[in-house]
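Trainee: Based on what follows, work out the 3D shape:
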Amino acid sequence: LFLHCNLLFYVLYVMLIELYKEIQQCRKACEKVHMKTILGTGELGSLANVYKASLVAMMAGSDFIKTSTGKEGVNATFPVALVMVRAIRDYHTKTGYKVGFKPAGGIRTAKDALSWLTLMKEELGDSWLTPQLFRLGASTLLTDIERQVWIPAELLINIS
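Mentor: So this is what the prediction gives:
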């Protein structure tokens, strides 16, 4: 059992080093352009791996970390987001560098968006509530927002 655990730890360690090198190469190719790294958190197996991958992505130079493409079977979930946001907070505390966050997939309503905004405000504070540091990957969200703010012309006529 001890040998097996050490072997798994070694494999994970090697994979994280390879991830770091690959993201660094992307960072170098991007030069000054903001770079977003999609972690594919549904495939990482554990929240501990999500935290490690988040830190590796930030240490390698990512300006934004994103949960997923939004097209996978498992997308943005609150437990995963909480781990990623806390990794961002830890990274900022140690380095002073602010990294953005983008949850993607499953965010369909304005109410969902408010939940994500609340998470960001509570965990990272007001300074992260900007497009430079927080974005929602939610293509279906726009329809719900339009539905909620749209006022029929008949109501506008009756109001005036």
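
Trainee: Around residue 36, how many other residues sit close by?
Mentor: 16 (other Cβ atoms under 10 Å). Yep, even glycine has a C-beta here, placed from its N, CA and C like the rest.

Trainee: Show me the beta-bridge partners of it.
Mentor: residue 64 (DSSP bridges).

Trainee: got a pLDDT number for it?
Mentor: Residue 36 is assigned a predicted lDDT (pLDDT) of 93.

Trainee: wait, isn't it in contact with residue 65?
Mentor: Yes: with contact defined as Cβ atoms under 8 Å, residue 36 reaches residue 65; the gap is 7.5 Å.

Trainee: Where do the strands of this protein begin and end?
Mentor: Here the chain has its strands, by DSSP state E, at 36-38, 64-66, 100-102.

Trainee: now these in JSON lines, with distance to residue 12?
Mentor: Putting the strands of the chain into JSON lines (distance: least, Cβ to Cβ, whole Å) gives the following:
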{"stretch": "strand 36-38", "distance to residue 12": "18"}
{"stretch": "strand 64-66", "distance to residue 12": "19"}
{"stretch": "strand 100-102", "distance to residue 12": "23"}
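
Trainee: Which of the ones you listed has the highest mean neighbour count?
Mentor: Mean neighbour count, computed with mean count of other Cβ atoms under 10 Å, is highest for strand 64-66 among the strands of the chain, reaching a mean of 23.

Trainee: packing partners for it?
Mentor: strand 36-38, helix 47-59, helix 78-95, strand 100-102 (3 or more Cβ pairs under 8 Å, 6 or more residues apart in numbering; DSSP states H and E).
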